[in-house]
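Trainee: Provided below are the primary sequence and the corresponding predicted coordinates.
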Amino acid sequence: MTSYFFSCIFHGLFCTKKRLSRFFLVFIKHWAGPRWLAIGLASLLASAAASAQCVKIDSLERSLSQFSRQDTQRVRILNELAKSYLAEKRNNTGLAYAQQAQYLAQILEDTLGLADAKMNLGRAYFDDPFTRDRETIPRYEEALALYLKVENPGRLAQAYKTIGNYYYDLYYISGDNYQKALNYFLKYLKISEKTGQKAQAAEACLSIANLYDQLGDEKNSTQYFLKAVQLRETLDAKELDDLQIFAKTKRIFDLQIQSQRFYNTALILGLTLMGIIVTLLLINISIRRRANSVLQKRSLEIEKQKKQIEKNYQELGEKSQEIETQKDLLTMQNEQLIDTQQELQKVVKALEAAKQDLEARVAERTLDLKRANDALTQANEELDIIIYRASHDFKGPVATINGLAHIGRLECKAENEQVQTYFDKIENTAAKMDGMLQKLHQVSYIMGQTYQPAIIRFEDLLDKVQENLHVLITQTEAQIQTEIEPGTRFFGDADMLTYAVENLIENALIFTKEGLQPQISIRVANNLNEALIEIEDFGQGIDRHFLPEIFDMFSRGSESSKGNGLGLYVVHKALEKMQGIAEAESEIGKYTKIRLRIPI
């Protein structure tokens, strides 16, 4: 209760007048002793740090939206946010910001930002007992290697300090690793002296002195403490105050811990010794009281055992006769077992013969299955060749039909409407055949092509698709709205993805509401581990009963559909080849949305 009272007073004084706060600290030092002074100082520093930390976090989060994902300054802000949240012990939020900074720094090849992110990841993992041992040091060592690579002395010094504190904390927990902590503190001192950072050098000396003090090495502890005092003489006023508060507070807590440990140890030893003496006295009295009783009981037990031995001797004679009888019986049973064993050997031979016969039959059946499988594989290959050849060889006759229909239309008189109608039907039929052949060619290409991922710019891909569908887009006067997130890029097969997007836009143009201008919306974005493409139209829509089957071959969105049922099958096969998925969402008469997810 008293510590809470002093904490409140310190916080209020810090927020009002600095001189009055210092006066009150001196008063508490003489009135309440060093223990309450340490508590007050800790509360004062914690309150000031918490207020400043909240303001810093708000400022960083407001400035985060001002920088794009291609700006290295965004990496700096993400690292500062991670560091601030970790200082507030909000580890989950700090870990999330550190992971975002690491991912963005890797994309932008920002070595310094990546090193800062790995240091923050190490701090986050250290506070989690499940990840402390296996994750913390690897992240620290990766960050240390990156700092050495960019030759940043300031970051390198802080890295040595952080890793040294990590091993120092492990020394308190498990009693080892002190040598590693000492090595990193010495490196921290060396680089601080090299760069002229006297305050850091003094702090390093205090850490080394405290470590030697814990190990019982008073000589080295005194040497580094005196070195810290010498460095103190060269610091300015602000650095001097901070260092003195740090050193005094740390020394007070260390002395209190040592005295409390000594008191607890002495108390435990005294109580233990007293308990041992009392226990020995009680044991001695109990042994003397029970000795006579035990001797009397043992005498009675010996008499009983003697009678029991005589009785057992008689029983052994009877048991011996029974054993002779059982011996004769076992001899007879042994002869029966020999006969049974001979019969079993005959059965085993018969089973062995049956096994060999069965193995021969299985081998013959396996050979038949292999031949059938080879024949099926050959048939599939021939079917692929037929589809490929058909999609190429039939294009010539279809083009000839179109040409002949066009020539016949020109030679016939325009007044003969019936003949013109026939030519329209011929051209429409030829166009449908050409479309089906084109999709069969796409299916054959996707099934026979090896997936070769490469970086794709969706703007270039969309320009190619619109060029292929130029005639249909012009005829329908379609409006296509495109929304592509800046900096979007992903890996995939350009030809397969072109086929998928082209078929989706073609379906949106064909299955529009009669008499209405087609409206198509295309959205492209990057998530953490996948590229997302959404193509939405506001045409006829698909009945929800047909949605589970629309990606199957020759499946149609409705019973009255005039399509060939291959467009969405091409989309499905292309996404399957790229290890992605295609999802459909629709409402009849309102809209249809196809969502493509491609891993990056």
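Mentor: In hand now; what should we look at?
Trainee: CA atoms only: put stretch 202-209 into CSV for me.
Mentor: Coordinates of each C-alpha in stretch 202-209 appear next as CSV, following Å, rounded to 0.1, in the frame of the first residue of the first chain:
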residue,chain,number,x,y,z
ALA,A,202,29.8,3.3,-18.8
GLU,A,203,26.6,1.2,-19.0
ALA,A,204,28.6,-1.7,-20.4
CYS,A,205,31.1,-1.4,-17.6
LEU,A,206,28.3,-1.5,-15.0
SER,A,207,26.8,-4.6,-16.6
ILE,A,208,30.2,-6.4,-16.7
ALA,A,209,30.9,-5.3,-13.1
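Trainee: which stretches of the stretch 251-400 of the chain form strands?
Mentor: For the stretch 251-400 of the chain, strands defined by DSSP state E, counting those that start in this stretch do not occur.
Trainee: so where do the helices sit in it?
Mentor: 395-411 (DSSP state H, counting those that start in this stretch).
Trainee: so, low pLDDT: which residues of it?
Mentor: 251-264, 375-399 (pLDDT under 70).
Trainee: check which residues of stretch 101-110 are buried.
Mentor: For stretch 101-110, the neighbour count (16 or more other C-beta atoms under 10 Å) marks 101-105, 108, 110 as buried. Placement of C-beta: from N, CA and C, glycine included.
Trainee: equivalent analysis for stretch 569-587, please.
Mentor: By 16+ other C-beta under 10 Å, the buried positions in stretch 569-587 come out as 569-575, 577-578, 580, 582, 584, 586.
Trainee: so which of those residues sit within helices?
Mentor: Among the buried residues of stretch 569-587, the ones falling in helices (DSSP state H) are 569-575, 577.
Trainee: any chance of those residues in CSV, with distance to residue 441 and pLDDT too?
Mentor: Formatted as CSV, those follow (distance: C-beta to C-beta, whole Å; pLDDT from 0 to 100):
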residue, distance to residue 441, pLDDT
569, 13, 91
570, 10, 92
571, 15, 92
572, 17, 92
573, 13, 92
574, 13, 90
575, 18, 92
577, 16, 90
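Trainee: with these in mind, which one is nearest to residue 337?
Mentor: For those, the residue nearest residue 337 by C-beta to C-beta is residue 577; the value is 67.6 Å.
Trainee: find the nearest non-adjacent residue to that closest one, please.
Mentor: When the adjacent residues along the chain are set aside, residue 577 lies closest to residue 451, with 5.2 Å between them (C-beta to C-beta, 6 or more residues apart in numbering).
Trainee: is it true that the one you found touches residue 495?
Mentor: No - here residue 451 does not reach residue 495: they are 10.5 Å apart, not a contact under C-beta atoms under 8 Å.
Trainee: okay, these two: which has more neighbours?
Mentor: Neighbour count, other C-beta atoms under 10 Å: between residue 451 and residue 495, residue 495 has more, with 16 against 13.
Trainee: quick one: contacts for that one?
Mentor: By C-beta atoms under 8 Å, 6 or more residues apart in numbering, the residues touching residue 495 are 445, 449.
Trainee: now tell me what touches stretch 79-93 from outside.
Mentor: 49-50, 53, 56-57, 60-61, 64, 94-95, 97-98, 101, 113, 116-117, 120, 123-124, 127-128.
Trainee: chain center to that stretch, what's the gap?
Mentor: 19 Å (C-alpha atoms, centre = their mean, to the nearest Å).
Trainee: same check on stretch 84-102?
Mentor: 15 Å.
Trainee: tell me where the stretch 451-600 of the chain has strands.
Mentor: So, for the stretch 451-600 of the chain - with DSSP E, counting those that start in this stretch - the strands run 454-456, 479-484, 490-492, 519-526, 530-537, 581-587, 591-599.
Trainee: how about those, which one is nearest residue 544?
Mentor: Using C-beta to C-beta, these put strand 581-587 closest to residue 544, at 7.2 Å.
Trainee: coming back round to it: make CSV out of the strands of the stretch 451-600 of the chain and add mean pLDDT.
Mentor: Shown next, in CSV, are these (pLDDT from 0 to 100):
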stretch, mean pLDDT
strand 454-456, 87
strand 479-484, 92
strand 490-492, 80
strand 519-526, 92
strand 530-537, 92
strand 581-587, 93
strand 591-599, 92
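Trainee: of those, which is nearest residue 186?
Mentor: Nearest to residue 186, of all the strands of the stretch 451-600 of the chain, is strand 519-526, at 45.5 Å by C-beta to C-beta.
Trainee: partners of the closest one, with directions?
Mentor: When pairs are called by DSSP bridges, strand 519-526 turns out to pair with strand 479-484 (parallel), strand 530-537 (antiparallel).
Trainee: would you tell me which of those strands gets closest to residue 367?
Mentor: strand 530-537 (46.2 Å).
Trainee: any chance you could list what contacts that closest one?
Mentor: Residues contacting strand 530-537 (C-beta under 8 Å, 6+ apart): 458, 488, 490, 492, 501, 504-505, 507-508, 511-512, 518-526, 580, 591-600.
Trainee: list the buried residues of it.
Mentor: Those would be 531-537, for strand 530-537 by 16+ other C-beta under 10 Å.
Trainee: same deal with stretch 462-473?
Mentor: So, applying 16+ other C-beta under 10 Å, buried residues of stretch 462-473: 462, 465-466, 469, 473.
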